[in-house]
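Q: Build me a model:
(2 chains)
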Amino acid sequence: DTGVSQNPRHKITKRGQNVTFRCDPISEHNRLYWYRQTLGQGPEFLTYFQNEAQLEKSRLLSDRFSAERPKGSFSTLEIQRTEQGDSAMYLCASSTRRELTETQYFGPGTRLLVL
Amino acid sequence: ELKVEQNPLFLSMQEGKNYTIYCNYSTTSDRLYWYRQDPGKSLESLFVLLSNGAVKQEGRLMASLDTKARLSTLHITAAVHDLSATYFCAGTPFFGNQFYFGTGTSLTVIP
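A: Model (predicted):
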């Protein structure tokens, strides 16, 4: 257990429905990342927060995806009008940068299946 | 965008043998990371390499970085079954916070 938690762990939904995932980072970490991982691939960057500010967002990220981090604590990732291609593992990671070093701690992920 | 390529994608090796996983990246990166992922689990950070010539070791794993060649290696010494996992390298570009991951190397250590 890295100290990063994600809920739910599994989600099955029908195409066209909206889903929301939650990530609770390690409390002293000011950086939070969302990734998507499909089978046989490495994690793909989605978005990055420093405290409550969303500083970077992947250009490949559809407008159907939105993320928030109110008050710089937990974060939510919402997918609207889900499509079958959204089926993947969604990973959250938190970190803090000390000098030049940054170690990301990953949560267990939320596995999404869109039927 | 930083492109990260790993090879081999699949590696099957006998216990006790040595092998190296290679990670090439396309543009200048200021940090290079190695992660391990067990089946059905999330990623665990192994190493962070910050500068040219950096070498880090933990147990049977040793990682190195050659920024001129844009190459990092993960060397496995005297492999044991517990090292079976998928290993990812990831880089971050200068002036950016995105982590770009390779496709991973799936390592199976055979008794």
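Q: Distance check, residue B:15 against residue B:104.
A: Counting by CB to CB, to the nearest Å, the gap from residue B:15 to residue B:104 is 22 Å. For every residue, glycine as well, the C-beta is placed using N, CA and C.
Q: okay, those two: which has more neighbours?
A: residue B:104 (24 against 12; other CB atoms under 10 Å in any protein chain shown).
Q: got the contact list for that one?
A: The neighbourhood of residue B:104, defined by CB atoms under 8 Å, 6 or more residues apart in numbering or on different chains, consists of A:40, A:41, A:42, B:6, B:9, B:37, B:86, B:87, B:88.
Q: quick check, nearest of those to residue B:71?
A: Set against residue B:71, the nearest of the contacts of residue B:104 by CB to CB is residue B:6 (11.0 Å).
Q: From the chain's centroid, how far away is the particular helix or strand that has the closest one in it?
A: Secondary structure from DSSP states H and E places residue B:6 in strand B:4-7. Relative to the centre of its chain, strand B:4-7 is centred 9 Å away, using CA atoms, centre = their mean, to the nearest Å.
Q: Stretch B:33-40 too?
A: 9 Å.
Q: Buried residues, that stretch. List them.
A: B:33, B:34, B:35, B:36, B:37 (16 or more other CB atoms under 10 Å in any protein chain shown).
Q: again, but for stretch B:44-51
A: Those would be B:45, B:46, B:47, B:48, B:49, for stretch B:44-51 by 16+ other CB under 10 Å.
Q: Nearest spatial neighbour of whichever residue of chain A sits closest to chain B, chain-adjacent residues omitted?
A: The nearest approach of chain A to chain B comes at residue A:42, 3.2 Å away (CB to the nearest CB). Nearest in space to residue A:42, with sequence neighbours left out and distances taken as CB to CB, 6 or more residues apart in numbering or on different chains, is residue B:101 at 3.2 Å.
Q: Count the neighbours of the one you found for me.
A: 22.
Q: ok, it touching residue B:88?
A: Yes - the pair residue B:101 and residue B:88 qualifies as a contact (CB atoms under 8 Å) at a distance of 5.2 Å.
Q: Overlap of the contact sets of these two?
A: Among the neighbours of residue B:101, those also in contact with residue B:88 (CB under 8 Å, 6+ apart) are A:42, A:43, B:35.
Q: residue ranges of the strands in chain A, please?
A: Using DSSP state E, the strands found in chain A span residues A:5-7, A:10-13, A:19-24, A:31-37, A:44-50, A:53-57, A:65-68, A:75-79, A:88-95, A:97-98, A:101-102, A:105-106, A:110-114.
Q: Might you report the residue contacts of the closest residue to chain A within chain B?
A: Taking CB to the nearest CB as the measure, chain B has residue B:101 as its residue closest to chain A, at 3.2 Å. By CB under 8 Å, 6+ apart, the residues touching residue B:101 are A:42, A:43, A:44, B:4, B:35, B:88, B:89, B:90.
Q: let's see it at 10 Å
A: Counting by CB atoms under 10 Å, 6 or more residues apart in numbering or on different chains, residue B:101 touches A:35, A:37, A:41-45, B:2, B:4, B:6, B:33, B:35, B:43, B:88-91.
Q: what about residue B:86, how many neighbours?
A: Other residues close to residue B:86 by other CB under 10 Å number 20.
Q: list the contacts for it?
A: A:40, A:42, B:9-10, B:35-39, B:41, B:43, B:103-107.
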